[in-house]
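Asker: Generate a structure from the sequence data that follows.
(chains A and B)
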2 protein chains.
Amino acid sequence: MMSAQNRRAPLSGSSIKPPHRGAFPLKNYLSEKRTLIDAYLESYFSISSPPQILHEAVVYSLFAGGKRLRPILALTSHEVCGGDPRNIIPQASALELIHTYSLIHDDLPAMDNDDLRRGKPTNHKVFGEAMAILAGDALLTEAFSMIGEPANRNTGPGRKGTRQQKATLRITHSTIAKVIHDVAKAAGLLGMVAGQAQDIIAENAEPNSDVLQFIHFQKTAALIKVSVRMGAVLAGTKKDRVDALTRYGEQIGLAFQVIDDILDIEGTAEELGKSPGSDSKKKKMTYPALYGTEGARQKAKELLNGALDSLGIFSREADPLRHIARYIVGRKA
Amino acid sequence: MMSAQNRRAPLSGSSIKPPHRGAFPLKNYLSEKRTLIDAYLESYFSISSPPQILHEAVVYSLFAGGKRLRPILALTSHEVCGGDPRNIIPQASALELIHTYSLIHDDLPAMDNDDLRRGKPTNHKVFGEAMAILAGDALLTEAFSMIGEPANRNTGPGRKGTRQQKATLRITHSTIAKVIHDVAKAAGLLGMVAGQAQDIIAENAEPNSDVLQFIHFQKTAALIKVSVRMGAVLAGTKKDRVDALTRYGEQIGLAFQVIDDILDIEGTAEELGKSPGSDSKKKKMTYPALYGTEGARQKAKELLNGALDSLGIFSREADPLRHIARYIVGRKA
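Answerer: Now for the predicted structure:
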């Protein structure tokens, strides 16, 4: 049963290093994808709608230097499944709106009460609490409008070839409705919002692995997982591949949060864009708090291996996802 | 050109009273529709998901005695267009989630800072600000999940007839994607959130009819308008009828807010479920503030007539909408 799909087995096992790690131009790859997303977001929000201060509050946080990781994962997953990333830019970009809304609301005085984010004052510090709440509300709502953007508007300038058009049309309304449902489930009462609520409730509580797992999974991994999944679903990929990519997304999503927890202890203010140690000051339930920094690092490695294992049915075409997984675990900010 | 569609012209002109006003059992009509919505919402939120306090906060406000006006308008509009209201219960119910989220966030200390809503302590008074923000976020997100509910799950128990199934299947994914886009536009940066932001900015400002119109239209009318429109779109109605119902929705939406402003001055604490006079205390920009109570009442009548005129192309089948329009303008709470 050693099919062609398994010929990259050495990569997807417990060994973390790929054979040609240096050969993949990850930086360029991420930068190209990021440019696609940024161009779309800039165009989408280029015309200010009244009241101007609300528009400014939205734009302030959306263009505050985010890595666009979730949209990039959606585009990459779509490409790995044979799709053209340019066909799903609105849907992928919507994930950044949801991520940004969650950061604005998390930073509020009633929540984590943070003054700095990515080296800049948080939204409510600049625009006041009311506008920050509303900017978050607007971003969340607009995300669903963006996912529902009519498919024929996905075709940008200079994209007139019949083949491209066909690729665009392959994304059916049925798929869009499914994606909206998936994303809402990942972000809502059974997903990200539940994780954030539990994160606040668990402050000062005795660390507990079940609660910690719940927080990390819901607060961070659910949206990252659905980002990877979205790209596959929008490509019309077969179920076993969608499932494999969903598992990959879950593992890198959890790993992302474990690394975040470690960086909050080990990062410098410059790397983090805010003072380190804020989790321990707020007595947040984190992996390092429960297992120590080394235990957390070990956990991140296990999750990385799990993510790579999930890609076992894919060949070299999934290399970008393998490199992104390593980048997430190796990142310094 | 006096077609059959115009035979009810006397009803849709400037005369407000219908020939048989007393004959229509509006109370029963509203109550039946409300029961459908409540049963669905109760079932949807019957199983608590962790963390329990977030679930409780969501349920607290969602079942605090709302009239379910927006879902009822969607069901009624759908029925007027020949659809079976039972086929669009998830989509209609989602409107109540969006409405409820907007109330929870509006009541927050950073926004309108209200302690009472419908005679009960506001969400943040019971669950704290963080949970209130998150309960709102969860309701807004869940609304889009609900609109995107797979169509075949719309068929409730005892609905096995072939005719009913056909009616269910007529709602295509393409229509669902369109509705999600419409609702997100009405609720987001170009709609309800913009209206709420402008409402806060305009506090203490000199009343101005353009700003007032903007606030009323965005804050209240946009969601009511899209509720009526949704029912028609989901019925696959022809464009001229969808447009007519959209105009009707806009007028009753504006009228609803004008009456709200008047009730804040003339209503009793018991009728309002909170102390009257809160708008003038907060120096809100309202119709009575700009035109006086009598001027505002005149404006509401004009809007009612406009709404009835918009229904001119409909025959008796639109009577429920005519009665609801009169109910909105005549209501005491």
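
Asker: Quick check: next helix or strand after the strand or helix carrying A:Asn28?
Answerer: In the assignment (DSSP states H and E), A:Asn28 maps to helix A:26-44. Using DSSP H and E, the helix or strand that follows helix A:26-44 in sequence is helix A:52-62.

Asker: can you list the weak-confidence ranges in chain A?
Answerer: Judged by pLDDT under 70, chain A has its weakly predicted residues at A:1-22, A:150-170.

Asker: which residues in it form strands?
Answerer: For chain A, strands defined by DSSP state E occupy the ranges A:116-117, A:120-121.

Asker: Including distance to chain B and mean neighbour count, could those strands go into JSON lines?
Answerer: Placement of C-beta: from N, CA and C, glycine included. JSON lines is the format used below for the strands of chain A (distance: least, Cβ to the nearest Cβ, whole Å; neighbours: other Cβ atoms under 10 Å in any protein chain shown):
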{"stretch": "strand A:116-117", "distance to chain B": "17", "mean neighbour count": "18"}
{"stretch": "strand A:120-121", "distance to chain B": "17", "mean neighbour count": "16"}
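
Asker: list the contacts for the residue lying closest to A:Asn208 once chain neighbours are set aside?
Answerer: Spatial nearest neighbour of A:Asn208, excluding adjacent residues (Cβ to Cβ, 6 or more residues apart in numbering or on different chains): A:Met285 at 7.3 Å. The neighbours of A:Met285, taking Cβ atoms under 8 Å, 6 or more residues apart in numbering or on different chains as the test, are A:Asp199, A:Ala202, A:Glu203, A:Ala205, A:Pro207, A:Asn208, A:Val211, A:Leu212, A:Ile215.

Asker: How much space separates the fourth one from chain B?
Answerer: So that's A:Ala205. With the distance defined as Cβ to the nearest Cβ, to the nearest Å, A:Ala205 ends up 12 Å from chain B.

Asker: can you pull the contacts of that residue?
Answerer: A:Val211, A:Met285.

Asker: Quick one: the helices in the stretch 101-250 of chain A, in order.
Answerer: Assigned by DSSP state H, counting those that start in this stretch, the stretch 101-250 of chain A shows helices spanning A:123-147, A:162-169, A:173-187, A:192-201, A:209-216, A:222-234, A:239-266.

Asker: buried sites along the last one?
Answerer: Along helix A:239-266, these residues count as buried under the neighbour rule (16 or more other Cβ atoms under 10 Å in any protein chain shown): A:241-242, A:244-264.

Asker: ok, the closest residue to chain B within the stretch 201-333 of chain A - how many residues close by?
Answerer: Residue nearest to chain B within the stretch 201-333 of chain A (Cβ to the nearest Cβ): A:Ile201, separated by 5.5 Å. Counted by other Cβ atoms under 10 Å in any protein chain shown, the residues lying close to A:Ile201 total 19.

Asker: hmm, back to that, go through the helices of the stretch 101-250 of chain A and name the closest to A:Gln91.
Answerer: Closest approach to A:Gln91 among these is made by helix A:123-147 (5.1 Å; Cβ to Cβ).

Asker: Mind checking if the closest one is in reach of chain B?
Answerer: Yes. Residues of helix A:123-147 contacting chain B under Cβ under 8 Å from any Cβ of the partner chain: A:128-131, A:133-134, A:136-138, A:140-145, A:147.

Asker: and the residue nearest to A:Lys274 when sequence neighbours are not counted, bridged to which residues?
Answerer: Nearest non-adjacent residue to A:Lys274, counting by Cβ to Cβ, 6+ apart: A:Leu116, 4.1 Å away. A:Leu116 forms beta bridges with A:Pro121, as assigned by DSSP bridges.

Asker: roughly how far apart are A:Leu116 and A:Ala57?
Answerer: Per Cβ to Cβ, to the nearest Å, A:Leu116 is found 17 Å from A:Ala57.

Asker: How about A:Lys281?
Answerer: 27 Å.

Asker: Among the two, which residue is more densely surrounded?
Answerer: Taking other Cβ under 10 Å, A:Lys281 and A:Ala57 do not tie; A:Ala57 has more neighbours (27 against 10).

Asker: quick one: contacts for A:Leu140?
Answerer: A:Leu97, A:Ile98, A:Tyr101, A:Ala187, B:Asp137, B:Leu140, B:Thr141.

Asker: The nearest residue to the first one once chain neighbours are set aside - how many residues pack around it?
Answerer: Spatially, and ignoring its direct neighbours in sequence, A:Leu97 is nearest to A:Ala143 (4.0 Å; Cβ to Cβ, 6+ apart). The burial count assigned to A:Ala143 is 29, neighbours taken as other Cβ under 10 Å.

Asker: Equivalent analysis for A:Leu190, please.
Answerer: 19.

Asker: same deal with A:Glu270?
Answerer: A:Glu270 has 8 neighbours, counted by other Cβ under 10 Å.

Asker: Repeat that for the one 3 residues further on.
Answerer: A:Gly273 has 15 neighbours, counted by other Cβ under 10 Å.

Asker: and it, what does it touch?
Answerer: A:Gly65, A:Leu116, A:Arg117, A:Arg118, A:Gly119, A:Lys120, A:Ala333.

Asker: wait, doesn't the residue nearest to A:Lys274 sit right on A:Ser275?
Answerer: Yes. With contact defined as Cβ atoms under 8 Å, A:Leu116 reaches A:Ser275; the gap is 7.3 Å.

Asker: Could you give the separation of stretch A:48-62 from the chain centroid?
Answerer: Distance of stretch A:48-62 from the chain centroid (Cα atoms, centre = their mean, to the nearest Å) equals 23 Å.
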